[in-house]
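Participant: Next comes the sequence, and after it the predicted model I'd like to discuss.
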Amino acid sequence: MGLKDTASLALIPAAYKTSKIYSALPTDGDGDFTFIRTGNATRVNKAGLVETMGTNIGRLNYDLTNGTPASCPSLLLEPSRTNLLTQSETYTTVSKANLTVADNTSIVDPQGGTNTKTLTATNTDQPRLEWRGTAVPASNTSYAMSFWVRYNTARYVAIAHYSQSGEYAIFDLVDGEVESDVGTQTAKIEEYPNDWYKISKSFEVPSTAIVNYWKFTLCTQTNAFVGVNGEKADVFGMQLEAGTYPTSYIPTSGSAVTRNVDTCKLENFANMPTDYPFTVFWEGKIDEYEGGGFTTQVIFSLVATGEYNCYFALNFSNTNTLTIRRRNSTDTSQSVAFSSNQNTIYKVAVCFISSTAVKVYINGSGVFNSTNLVSVPYVGTNTPDTVLIGQLRNTVDTGKRNSCDQFMLFNEALTDSELQTLTS
C-alpha cells in the first residue's frame, strides 16, 4: 500500500457527473464533492479542443504544453467573468479599418468547427479591428483581452489599448513568442493544436485616459500600428473581460455573456480530523494573482458550517509569498517566502502538528517549520467539517478561485520523509 492510499480523503479529478466530482478515497462515496456552476462554461478537452460544458458540470481541463494536452486533467475552477465583446466569432458590427474579414471554412477552429475568420490588410496604416462605444473600459480598472490567432502570411499581430499613455503587445506567430510587451501588465502566448496560438494582454486603464478603446492590428516586428498591405491572419474567439488575467473562453453572439463562478466543496465530511495532528496535500498551478491580501489564490480551505471566521487555509498572496492561515475567533497567519511561477506545477503539503506548530513541504523541500505560532484552538462548535477547493470561505464567499490537480487529507502527521516523498 502506498502513502497516498492512507489518505482519509483523496480528490484526483478523473470522473464526474452533474453536480458531482468523484473522489478516489473514500471508496464508499462519502468523500465525493458537490460541484456548482449556473450556466455554461468551456474547457480544453483531451483532444486539445475548446469544449462547452453545461450547468453544474465540472470542467476537467487538459492543460497544454507546446500545443499537446496533458495526460491527466486538472479541475478548472474560475471566478465569474463577462465577455464584453458581443461578437466573439463574427465581426459584422465591429469597427474595421484598412482590413477585410472573410470566412475561412477550410481551417479547423479551436473548437473543432469551421468558424475561422481571415483578416486581410488593405493598407499599411493600422490594419485593425477596433472596439469603441461598447465595452468602454472604466478608469483605474484592469482588463484582459484574449483570442486565438493563426499564422497565414502576417507573422506579427498586436493587441493594444489606446489611451493617453498607450499600452500594447506584439506577438510573433512563427516562433510563438511575445515580441514586445509595453505596459504595466503581462502579455502571454500559448500554443494550441492545429497551429493556433491563444494570445492575451492585460491592461490597467489609467484615470488620465483621454481616448479609451481597444485594437487588434496586423503589424510589423517593431511597430504595433504599422502593417503590411495584403498580409493575412486567421482569428477566432475574441474576448475582453474585467480582471487582471484572461480566463477560459466565453462565446458571445450579439450581447455580452457572463460565465458564473465554479464551486467545488465537500460538506459535513464524516472523517474530517477533529483535532491535531493532520496533514493536507494539494497539487496544481497557481492560476493568476488578482489583488493582494489573504483572499488571493487560496488553494484550499477547511471551514466550519455557517462560519466565515473559522478556517484552515493556504494561499499564495503574491508571486513570492505563501501564507498559512488559521482562524478561530482570533486570526493567525504565517507567511513563507517562496518564489512561485504560474506555469509550474506545485505539490504542497502542510502538516498541522498542534495549535502552535506547522510544517510545510513544497516540491520535495521543507520550506517552513515553526513550533511557536500563536495558539489557535481546534475544538468545540467551530471544528471544520467542510472542504473547499480553491476557495476561502463557504459563508461570505470572496468569489475568487484556483484550479486543482489533486487534493488529499491525512488524519495524522506525516513524517519528514513522507512529506518529502508526497511532494516530490
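Facilitator: Perfect, thanks for sending it. Quick caveat: nothing in here was measured; it's all calculated off a predicted structure. Residues are numbered from 1 along each chain as shown.
Participant: what residue is smack in the middle of the chain?
Facilitator: Centroid-nearest residue in the chain: Asp287, 3.9 Å away (criterion: CA atoms, centre = their mean).
Participant: can you pull the contacts of that one?
Facilitator: By CB atoms under 8 Å, 6 or more residues apart in numbering, the contact set of Asp287 is Glu78, Tyr245, Gln297, Gln342, Arg401, Asn402, Ser403. (Each C-beta comes from the backbone N, C-alpha and C, glycine too.)
Participant: Secondary structure element holding it?
Facilitator: Per DSSP states H and E: Asp287 is located in neither a helix nor a strand.
Participant: coming back round to it: tell me the least confident of the contacts of Asp287?
Facilitator: In terms of pLDDT, Gln342 ranks lowest among those, with 67.
Participant: Show me where the stretch 101-250 of the chain has its helices.
Facilitator: Counting by DSSP state H, counting those that start in this stretch, the stretch 101-250 of the chain forms no helices at all.
Participant: low-confidence ranges in it?
Facilitator: Within the stretch 101-250 of the chain, the set of residues satisfying pLDDT under 70 comprises 133-137, 139, 163-165, 206-212.
Participant: Please list only the buried members of the contacts of Asp287.
Facilitator: For the contacts of Asp287, a burial check counting by 16 or more other CB atoms under 10 Å picks out Glu78, Tyr245, Gln297, Arg401, Asn402, Ser403.
Participant: if we take those residues, which one ends up nearest to Asn411?
Facilitator: Asn402 (24.3 Å; CB to CB).
Participant: tell me the secondary structure for the closest one?
Facilitator: coil (DSSP: H, G, I helix; E, B strand; the rest coil).
Participant: Now do the same for Leu60: helix, strand or coil?
Facilitator: With three-state DSSP as the criterion, Leu60 reads strand.
Participant: Number of residues surrounding it?
Facilitator: Leu60 sits with 20 neighbouring residues when counted by other CB atoms under 10 Å.
Participant: Just to be sure, Leu419 is in a helix?
Facilitator: Yes: assessed with three-state DSSP, Leu419 lies in a helix.
Participant: Apart from its chain neighbours, what residue comes closest to Ile353?
Facilitator: Pro277 (4.9 Å; CB to CB, 6 or more residues apart in numbering).
Participant: who's in contact with the one you found?
Facilitator: The neighbours of Pro277, taking CB under 8 Å, 6+ apart as the test, are Cys351, Phe352, Ile353, Ser354, Glu412, Ala413.
Participant: That one and Leu414, how far apart?
Facilitator: 9 Å (CB to CB, to the nearest Å).
Participant: With distance to Ile21 as added columns, please give the contacts of Pro277 in JSON lines.
Facilitator: What follows is the contacts of Pro277, written out as JSON lines (distance: CB to CB, whole Å):
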{"residue": "Cys351", "distance to Ile21": "25"}
{"residue": "Phe352", "distance to Ile21": "24"}
{"residue": "Ile353", "distance to Ile21": "30"}
{"residue": "Ser354", "distance to Ile21": "32"}
{"residue": "Glu412", "distance to Ile21": "25"}
{"residue": "Ala413", "distance to Ile21": "27"}
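Participant: Now Leu3: phi and psi?
Facilitator: The phi/psi pair for Leu3 (degrees, to the nearest 10) reads phi -60, psi -40.
Participant: per-residue pLDDT, it?
Facilitator: As predicted, Leu3 sits at a pLDDT of 88.
Participant: Cross-check the contact I'm expecting between it and Leu422.
Facilitator: Yes: using CB atoms under 8 Å, Leu3 is in contact with Leu422, at 6.0 Å.
Participant: quick one on the thing from earlier: so of the contacts of Pro277, which two are at opposite extremes in space?
Facilitator: Ser354 and Glu412 (13.0 Å).
Participant: circling back: generate TSV for the contacts of Pro277, with neighbour count and secondary structure as supplementary columns.
Facilitator: TSV is the format used below for those (neighbours: other CB atoms under 10 Å; DSSP: H, G, I helix; E, B strand; the rest coil):
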residue	neighbour count	secondary structure
Cys351	24	strand
Phe352	21	strand
Ile353	16	strand
Ser354	14	strand
Glu412	14	coil
Ala413	17	coil
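Participant: Relative to Thr141, which of these is nearest.
Facilitator: For the contacts of Pro277, the nearest to Thr141 is Phe352 (38.6 Å; CB to CB).
Participant: Pull up the overlap in contacts between Leu3 and Leu422.
Facilitator: Shared contacts of Leu3 and Leu422, defined by CB under 8 Å, 6+ apart, are found at Leu414.
Participant: And these two? Which one has more around it.
Facilitator: Leu422 (21 against 16).
Participant: Tell me what the closest residue to that one other than its chain neighbours is bridged to.
Facilitator: Closest residue to Leu422 apart from its sequence neighbours, by CB to CB, 6+ apart: Ala349 at 5.3 Å. Here Ala349 sits in beta bridges with Phe281, Tyr361, going by DSSP bridges.
Participant: how close does Ala349 get to Gly364?
Facilitator: In terms of CB to CB, Ala349 sits 10 Å off from Gly364.
Participant: now do Ser253
Facilitator: Taking CB to CB, one finds Ser253 at 48 Å from Gly364.
Participant: Please apply the same query to Lys232.
Facilitator: Distance, Lys232 to Gly364, using CB to CB: 48 Å.
Participant: which one of these two has more residues nearby?
Facilitator: Lys232 (19 against 13).
Participant: doesn't Arg150 make contact with that one?
Facilitator: No: counting by CB under 8 Å, Lys232 stays clear of Arg150, with 9.9 Å between them.
Participant: Could you check how far stretch 346-359 is from the centre of its chain?
Facilitator: When distances are taken as CA atoms, centre = their mean, to the nearest Å, stretch 346-359 is centred 25 Å away from the chain's centroid.
Participant: Likewise for stretch 45-64?
Facilitator: Worked out by CA atoms, centre = their mean, stretch 45-64 lies 13 Å from the chain centre.
Participant: residues of it that come out buried?
Facilitator: Under the neighbour-count criterion of 16+ other CB under 10 Å, stretch 45-64 has 45, 48-51, 53, 56-64 buried.
Participant: end-to-end on stretch 37-49?
Facilitator: 21 Å (CA to CA, to the nearest Å).
Participant: contacting residues around that stretch?
Facilitator: Contacts for stretch 37-49 (CB under 8 Å, 6+ apart): 50-57, 59-64, 67-69, 73, 76, 78, 110-112, 192-193, 248-251, 258-263.
Participant: Give the rounded mean pLDDT of stretch 268-281.
Facilitator: Rounded mean pLDDT across stretch 268-281 is 91.
Participant: typo on my end, stretch 42-56
Facilitator: 98.
Participant: Next, the distance between the ends of it.
Facilitator: Stretch 42-56: ends 12 Å apart by CA to CA.
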